[in-house]
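[1] Using only what follows, build the 3D model:
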Amino acid sequence: MNNQYFNRDLSWLSFNGRVLAEAGNGRVPLVERIKFLSIFSSNLDEFYRVRMPEVLSFKKKNKSGGDDDDIASNARRVIAAQQEYFGKVLSGEILPQLREKNVHIVYNETMPEVILASLEEYFFSAVAAFLQKINLSGNKPDFFSENNQLYQVVILEGEKGKEEVSIIPVPSDNLSRFFSVRINAVQYIVFLEDIICRFLPAIFPGAKIKGVFNIKITRDADLDLEDEFSGDLAEKIETKIAKRDQGSATRFLYEPGIPLRILQWLVATLQLTKANVVEGGKYHNLKDFAGIPNNDPALLYASWPAIKSRFPINDCLFQSVIEKDRIIHTPYESYNTILRFFNEAAIDPEVEEIFVTLYRIASDSKIANALITAARNGKKVTVFVELKARFDEANNIRWGKKMKAAGIRIIYSIPNLKVHAKVALVKRRQQGHLAYLGLLSTGNMNESTARFYTDHILLTTHHGLLEELELLFIFLSQKRKPVNNDEILFKHLLVAQFNLQTSFFSLIDNEIKNARQGLPAAITIKLNNLEEKKMISKLYEASEAGVNIQLIVRSICCLKPGPPGSSDHIKLTRIVDKYLEHGRVFIFNNNNHELFFLGSADWMNRNIYSRIEVCFPVYDESIQSELKQIIDIQLADNVQAVQISELLENIPVKNEKEPVRSQEKIYQLLGSGVRHE
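    Take a look at the predicted model:
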């Protein structure tokens, strides 16, 4: 590991370890602890699909003998330790405690007699309809193991004692992963694969079954898109999506106890020789724990109903925004205000044009439907749809086609760039002239994720800022990557590919100058990820100059605290709790005349060099004060916050004062005296 920087992948695994720690946190309700296991499992699957191929590729290319050559082996070591802890927490803590609450998850144990009749009825009435058995031992089988599909390997004794191997795909796409039945006040929850295993004699009548083992294969998720100007990009991506799950295998996960001869034969037969062969537990795809069938309020987090709008709307949201800038903090506050922004634009006869960027569209998007209504009502609607949003490509293409059919001008991806900005602009006729209303967000225009992602959404009529936003939309309509002679001068907005990095450098340099002159100097930044080395080096430089730097970084953080001199004045915090911390906030002291920015951009290579991002100033003093209160609460968190050590450890913040759980306290702050939904 480089002495100045953490490796991004090991840092990410450290974050996933922090997620796993919440599963082991006795203060967290039991079903929520299971859901943290689900998040950990889902994250790890994505790591093997997205990052492990890169790690292995780098290892092959890097022959220098440096520390980075060991990233793959270090990653495996960390993952192995985390999975061991996963099993310990689940089997040793959560499952026994649930049984005390009359919730019996049947996990790697003999099936209770009391539920056998219910299982038999369910198997023959529902499960059997979706079962397929595939013989791998005959002539070359026509079989391809799909990405993250659960399979049961069934070892049979064939003629003359010769072993035969069949595979049964577990139909968890067609049926719930879990079967639930309540008998004598006890809720029994059974895995689908255990039900199949119980009734294998009905699937293989008369056969001698020697063993049954669960496996799954994870495949590379890279679409390998060719960024080019010619041709229909949507069609190209649709073609690639259809082949995504046929990518090269990156992990072969198998149940302990499978005979070595069978394991080696499967690796050869399924062409998995280049995959990481990993022994897991009996059960795979435990991301499905997210759908555990138990909604007992006593086993869940306390409900925090969304706060209704704290500002007067009366008959017109737009009029309220014209009077004063407004901000919404989701999910603490209701997303209905944002839906109303688009709905008013759709039906207001004075609205003439609407522009919006969509990165991850909700599957049943109310926003997209409002835009369709706006177009049908005769308004000019322009929507930039990013087709290269990983794992959301198909949904974005579907909505893009639907909106285009309704008369919306659809602009698709720019070659070699992703448009990650989260912005909207409305032009509205008012007293004979066009007034601009803008929506600028740290998160996607997505009402589904808004229920559990913490974000900040600014509604403003600041004319200078929104004129620049219009210039950005004009540029996006050209569908090209910026070049050096693009002379779009942004004075308010910070836009990646134009002025974002240089503007942040200038803001940091100003703090360095003030510190060297003995003036107040401080930087407070909240990000999802901090990776880009030039930005990190600039923070090191500021720390060396005496600038007080406070960082809240949820996930990847390559800045390394601890080296004497370079990071003496840097405090690095990570918060994991009920909601996913997602908002990006930037506060620069500026000699006690603080400057506030929000935005879509993390400080990663991809955000700065390969995306169109928008960060935006907050000028309203009351909103600045509110943001400062929220960030100060998070910096004071001593319940859910940890500090990242120079060894990549998550060190709990010492709780020497009154307990501060920041998400709970922020909810209380925003909800004081306000109605809830």
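[2] So which other helices or strands are in contact with the biggest strand by length in the chain?
    In terms of residue count, the longest strand belonging to the chain (DSSP state E) is strand 208-219. For strand 208-219, the elements it packs on are strand 150-157, helix 200-203, strand 249-254, helix 260-269, judged by 3 or more Cβ pairs under 8 Å, 6 or more residues apart in numbering; DSSP states H and E. Yep, even glycine has a C-beta here, placed from its N, CA and C like the rest.
[3] deepest of those, which one?
    A comparison of the helices and strands packed on strand 208-219 by mean neighbour count, using mean count of other Cβ atoms under 10 Å, puts strand 249-254 on top with a mean of 22.
[4] From the chain's centroid, how far away is that strand?
    A distance of 22 Å separates the centroid of the chain from that of strand 249-254, by Cα atoms, centre = their mean, to the nearest Å.
[5] about what we covered before: could the helices and strands packed on strand 208-219 be laid out in CSV, adding mean pLDDT and distance to Val127?
    Conversion of the helices and strands packed on strand 208-219 to CSV gives the following (pLDDT from 0 to 100; distance: least, Cβ to Cβ, whole Å):
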stretch, mean pLDDT, distance to Val127
strand 150-157, 96, 12
helix 200-203, 96, 10
strand 249-254, 92, 23
helix 260-269, 94, 24
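[6] Show me where the stretch 201-350 of the chain has its helices.
    233-244, 260-269, 317-323, 336-347 (DSSP state H, counting those that start in this stretch).
[7] Redo those as JSON lines? Include distance to Asn650.
    Putting these into JSON lines (distance: least, Cβ to Cβ, whole Å) gives the following:
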{"stretch": "helix 233-244", "distance to Asn650": "33"}
{"stretch": "helix 260-269", "distance to Asn650": "34"}
{"stretch": "helix 317-323", "distance to Asn650": "41"}
{"stretch": "helix 336-347", "distance to Asn650": "33"}
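[8] quick one: which of those is nearest Lys491?
    When these are compared by Cβ to Cβ, helix 317-323 sits nearest Lys491, at 21.7 Å.
[9] Could I get the average pLDDT for that closest one?
    The predicted model gives helix 317-323 an average pLDDT of 93.
[10] ditto for stretch 572-590
    The predicted model assigns stretch 572-590 a mean pLDDT of 98.
[11] Please state the offset of that stretch from the chain centre?
    That offset, for stretch 572-590, works out to 15 Å (Cα atoms, centre = their mean).
[12] CA atoms of that stretch as PDB?
    Provided in PDB are the C-alpha atoms of stretch 572-590 (Å, rounded to 0.1, in the frame of the first residue of the first chain):
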ATOM      1  CA  LEU A 572     -11.800  11.700   9.100                       C
ATOM      2  CA  THR A 573     -15.200  10.300  10.000                       C
ATOM      3  CA  ARG A 574     -17.500   7.600   8.500                       C
ATOM      4  CA  ILE A 575     -21.300   7.300   9.400                       C
ATOM      5  CA  VAL A 576     -23.400   4.200   8.700                       C
ATOM      6  CA  ASP A 577     -26.900   4.100  10.100                       C
ATOM      7  CA  LYS A 578     -30.600   3.700   9.100                       C
ATOM      8  CA  TYR A 579     -30.300   5.800   6.000                       C
ATOM      9  CA  LEU A 580     -27.500   5.800   3.300                       C
ATOM     10  CA  GLU A 581     -25.500   9.000   3.600                       C
ATOM     11  CA  HIS A 582     -25.400  10.400   0.100                       C
ATOM     12  CA  GLY A 583     -25.300  14.200   0.100                       C
ATOM     13  CA  ARG A 584     -22.100  16.000  -0.900                       C
ATOM     14  CA  VAL A 585     -21.400  19.200   1.000                       C
ATOM     15  CA  PHE A 586     -18.500  21.600   0.800                       C
ATOM     16  CA  ILE A 587     -17.900  24.400   3.300                       C
ATOM     17  CA  PHE A 588     -14.900  26.700   3.200                       C
ATOM     18  CA  ASN A 589     -14.300  29.100   6.100                       C
ATOM     19  CA  ASN A 590     -13.100  32.000   3.900                       C
END
